[in-house]
Structure formats: structure tokens, C-alpha cells
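Colleague: Prediction below, plus the sequence it came from.
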Amino acid sequence: MAIATFENSSVRIGYWDEGSGEPVILLHSSSSSSRQWKKLQQEIGGRYRLLALDLYGYGNTDFPESAEAFVLEQEVSLLERLIARIDGLFHLVGHSYGGAVAMKTALKHRDRVCSLYLHEPVAFSLLKMEGRLDEWNEIRSVAADVATHVAHGRHEDAAARFVDYWGGERTWAAMPDHRKPDLVRTVRKVPLDFDAIFAAKDPLSAYGELRMPIRLTTGNTGPLPARLVAELLSAAFGRDTLYVIDGVGHMAPVTHPQEINAHIISHLEANRIGG
């Protein structure tokens, strides 16, 4: 899997584009990169054309030029540089923050998105809109802790707080040392990710208007705010879209790729372009 880059004005954008067939765009979680999907690429082989983007501040994509009032639309604009390399329809896959970007993209480009797969998309603004204030305050507290650590230059503390929230207590301590530097280096982007998803204004009713095939997956062991967002979205879609995977959490695409990839592949196979 070779990582390539192209220039968008003065911004370097990292991505990979491998295989042939129906195009599938892959969007990773916060504090990750397009490499998150390498096992999916190995399993699918050449059956699909996989295009995986490094979102702002991750992998080989530069930090945003302007960090003031960062919004999801900026990530969508970045993604549109990759969409421009595709003719016609494409499938869209997103995890966590990448899932929120995927949903925003689907709203804007619903005429081109053939299908949508999401694992626990973190559209947290829906919690506030729907009056789920305990869960809203929980995730706001996590975001505030990470932002405070970053603002004071405590990047390792920020990374540890973020990783332990999603993976469980002492996940950071148990993590191999060679994996930590990239997380410490990129954690300064995480507060911008939180800002972007907290500021999103699309209500549940907007997502209910999406008509492409959608599959949502969630675990039963991760933090409640992300699981609740998946449940709210499933109700809005009005279809049997939600699959609960026993024994996995929010980071399942990384910790349990075999289970998640099986869902992605079966979803793609069931919703072929022109099928």
C-alpha cells in the first residue's frame, strides 16, 4: 500500500488509491490515518478500487492552514479533491470522526453516494439537539480535558486521555511504545475535530432524508455517547440499518478489523453500483 500526495494550493494531501472496480472512499477516525484500512485492502484484494484519505492533520495531510472556527465542511472540501478523481457513483465508508465527515459528504453529494457504511459516527451535536444532555456533557468533558492538555503543551497527557476514553482505562499504558509518537504528534488536531462535530447543525431529520443503502455498526462495550448517536441515527433512517457487534467497542475497525471488514464487504456486495 503506497501513500501518495497531491497539492491543494499550499496544502499537502495524503491518500492511497489501489485496486480496480467500484470505487470505495474510506475515512478514518481521529488520531489515525488512511493506514487504518490496510487490512481491509488486504482482504478485498483487487475487487474494489479503494481510495483512503488522510484527513487534516493526520498521516501525510498537513494541519489546516486556519484552525479558527474549524468546521466539518473543511474536511468535506478536502475530500472533494479525491472525489474529483472518480467518475460517477462511489461507496462511502467512515469510522468515528471519519463517519461524521462521511455523513456530511453524503448530505452534500447524495446523488453520487451509492451506499454508506458507518461505524459509530460521532455526530455528537445530535445529543444536544435531542436532549440527551448527560451523554452530551460526558463527551464535552472529554473534549475539554484534551483541549486543556494540548493548550498547555501536554501532548502525551492529551493523547492518553483520548485513547483511554475510547479504549478503556490503561489502554494508553498498555500500548506498545512504538505506536505512541504518532498519536502524540497528531493529538493537537483532536480539539479541532471535537469543535467541528460539536458545531454541526444538521438535525436528525436531515439524515432521515438520505435514501442510499446505509449500514451502521456499533459495539456494546464502548462509551455510551457514540453508541447512542448510532441508535438515534438508525431511528432517523427508518430502516433496519443498525448492527450491534458483541464484544467490540468504538475502536473496532482497529482492534477487531476482521469483524468490521466482514460487515463492510457484505454491505458493498449487497449494494453494487447499478445492481
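Modeller: Structure's in. What do you need?

Colleague: residues in contact with the longest helix seen in the chain?
Modeller: Longest helix of the chain, by residue count under DSSP state H: helix 133-151. The contact list for helix 133-151 (CB atoms under 8 Å, 6 or more residues apart in numbering) reads 124, 127-128, 155, 157-158, 161-162, 165, 187-188, 190-191, 194, 198, 223-225, 228. Using the backbone N, CA and C atoms, a C-beta is placed for each residue, glycine as well.

Colleague: For it, C-alpha coordinates in PDB please.
Modeller: The C-alpha trace of helix 133-151 is given here as PDB (Å, rounded to 0.1, in the frame of the first residue of the first chain):
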ATOM      1  CA  LEU A 133     -27.600  16.100  28.000                       C
ATOM      2  CA  ASP A 134     -25.900  13.500  30.300                       C
ATOM      3  CA  GLU A 135     -24.200  12.000  27.300                       C
ATOM      4  CA  TRP A 136     -23.600  15.400  25.700                       C
ATOM      5  CA  ASN A 137     -21.900  16.700  28.900                       C
ATOM      6  CA  GLU A 138     -19.800  13.500  29.100                       C
ATOM      7  CA  ILE A 139     -18.200  13.900  25.700                       C
ATOM      8  CA  ARG A 140     -17.900  17.700  26.200                       C
ATOM      9  CA  SER A 141     -15.900  17.000  29.400                       C
ATOM     10  CA  VAL A 142     -13.500  14.600  27.500                       C
ATOM     11  CA  ALA A 143     -13.000  17.200  24.800                       C
ATOM     12  CA  ALA A 144     -12.300  19.900  27.300                       C
ATOM     13  CA  ASP A 145      -9.700  17.800  29.000                       C
ATOM     14  CA  VAL A 146      -7.900  17.000  25.700                       C
ATOM     15  CA  ALA A 147      -8.000  20.700  24.700                       C
ATOM     16  CA  THR A 148      -6.600  21.900  28.000                       C
ATOM     17  CA  HIS A 149      -3.700  19.400  27.800                       C
ATOM     18  CA  VAL A 150      -3.000  20.500  24.200                       C
ATOM     19  CA  ALA A 151      -3.200  24.200  25.100                       C
END
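
Colleague: Return the set of buried residues in the helix or strand just after that helix.
Modeller: Remark: after helix 133-151, the chain's next helix or strand is helix 155-167, criterion DSSP states H and E. Within helix 155-167, the residues that count as buried by 16 or more other CB atoms under 10 Å are His155, Asp157, Ala158, Ala159, Ala160, Arg161, Phe162, Val163, Asp164, Tyr165, Trp166, Gly167.

Colleague: likewise stretch 73-86?
Modeller: Neighbour counts using 16+ other CB under 10 Å place Gln74, Glu75, Val76, Leu78, Leu79, Leu82, Ile83 of stretch 73-86 among the buried residues.

Colleague: pLDDT at the third one, what is it?
Modeller: pLDDT recorded at Val76 is 97.

Colleague: Just confirm it is within a strand.
Modeller: No. Read with DSSP: H, G, I helix; E, B strand; the rest coil, Val76 is helix and lies in no strand.

Colleague: Adjust the sequence numbering to begin at 684 for everything that follows.
Modeller: In the new count, where the first residue is 684, that last one comes out as Val759.

Colleague: wait, what's in contact with it?
Modeller: With CB under 8 Å, 6+ apart, Val759 has these contacts: Val784, Lys787, Thr788, Lys791.

Colleague: and the strand or helix carrying Glu952, what's its mean pLDDT?
Modeller: In this structure, Glu952 is located in helix 940-953 according to DSSP H and E. In this model, helix 940-953 carries a mean pLDDT of 97.

Colleague: Give me the contacts around it.
Modeller: Here helix 940-953 makes contact (CB under 8 Å, 6+ apart) with 705, 707, 722-723, 726-727, 731, 774, 776, 798, 800, 802, 896, 898, 900, 926, 928, 931, 935-936.

Colleague: That concludes my questions; thank you for your assistance.
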